[in-house]
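Trainee: generate a structure from the sequence data that follows.
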Amino acid sequence: MFAEESVWIRGVYDKLDPNRIKKVGNLGSSSLEFRTRIQPHIHTNIIKPLQDKGIDAINIDLKKESGVDVIGDITTPEFGTDFQNQFDLILCTNLLEHVMDINLVINNLVQATRNNGYILLTVPYKYKLHLDPIDNGFRPTPNQIADLFVGTDYRIVNSQIISINNNKEYKIKKSKLPLWGYRERVLYYLGKRYKVSGILLQIVK
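Mentor: Numbers count the residues shown, from 1 in each chain. Predicted coordinates:
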């Protein structure tokens, strides 16, 4: 997750009524080390503000690691029933591009959300392929993310294409080819910025 992406996420849910958000599911949370040391903006901008408000944030991941509260696989049919109506807010960030069956994941998200609860999603819009372990190439606009919820009663609360302007995110890499390792940084200075689609939906059941 990009730092600018985490700032947008915090700004979005800061506008929600905290009295209506009691339990949050952080899907694909990764480990405590990842959230606090490798990408500390995740903890600073997303998890800690929830904790400071007394909101119960449940970190859910496929892998059993330190800082993962619940083991769960969003890509299985059982997830939706196991977590049915559990969360007032679900964070699903940078995940849809790494699954085989996007529609199954969307169905599970809806099932796990309480009536009038929220689902916040981010997906790369302009970004290179990155295997984790797969990348299905899904690069949607916010409206294209919303279109996945066909058959679900929802409203769009907030949406934005987030431009990543921090040049440190455009890496200089070693390469045997002259200047090839500088291509990300060159494209940055040519105005080719990474972009992330973000959307917050309210689900009505």
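
Trainee: C-alpha from now on. contacts and neighbour counts both.
Mentor: Fine.

Trainee: for this protein, which segments are assigned as strands?
Mentor: 23-27, 56-61, 70-71, 87-93, 113-126, 153-163, 195-204 (DSSP state E).

Trainee: and the residue lying farthest from the centre of the chain, what pLDDT?
Mentor: When distances are taken from the C-alpha mean of the chain, P178 lies farthest, 35.5 Å away, according to C-alpha atoms, centre = their mean. What the model reports as pLDDT for P178 is 83.

Trainee: phi and psi next, for G137.
Mentor: When read as degrees, to the nearest 10, the backbone of G137 gives phi 80, psi 10.

Trainee: what's the separation between it and H130?
Mentor: 9 Å (C-alpha to C-alpha, to the nearest Å).

Trainee: and for the residue nearest to I199 when sequence neighbours are not counted, the neighbour number?
Mentor: Leaving out its chain neighbours, the residue that sits closest to I199 by C-alpha to C-alpha, 6 or more residues apart in numbering is S159, at 4.1 Å. If you count neighbours by other C-alpha atoms under 10 Å, S159 ends up with 20.

Trainee: and S159, how far from S197?
Mentor: The value you get for S159 to S197, if C-alpha to C-alpha is used, is 8 Å.

Trainee: common neighbours of those two, please.
Mentor: P142 (C-alpha atoms under 8 Å, 6 or more residues apart in numbering).

Trainee: not including adjacent chain positions, what is the nearest residue to D135?
Mentor: H98 (4.9 Å).
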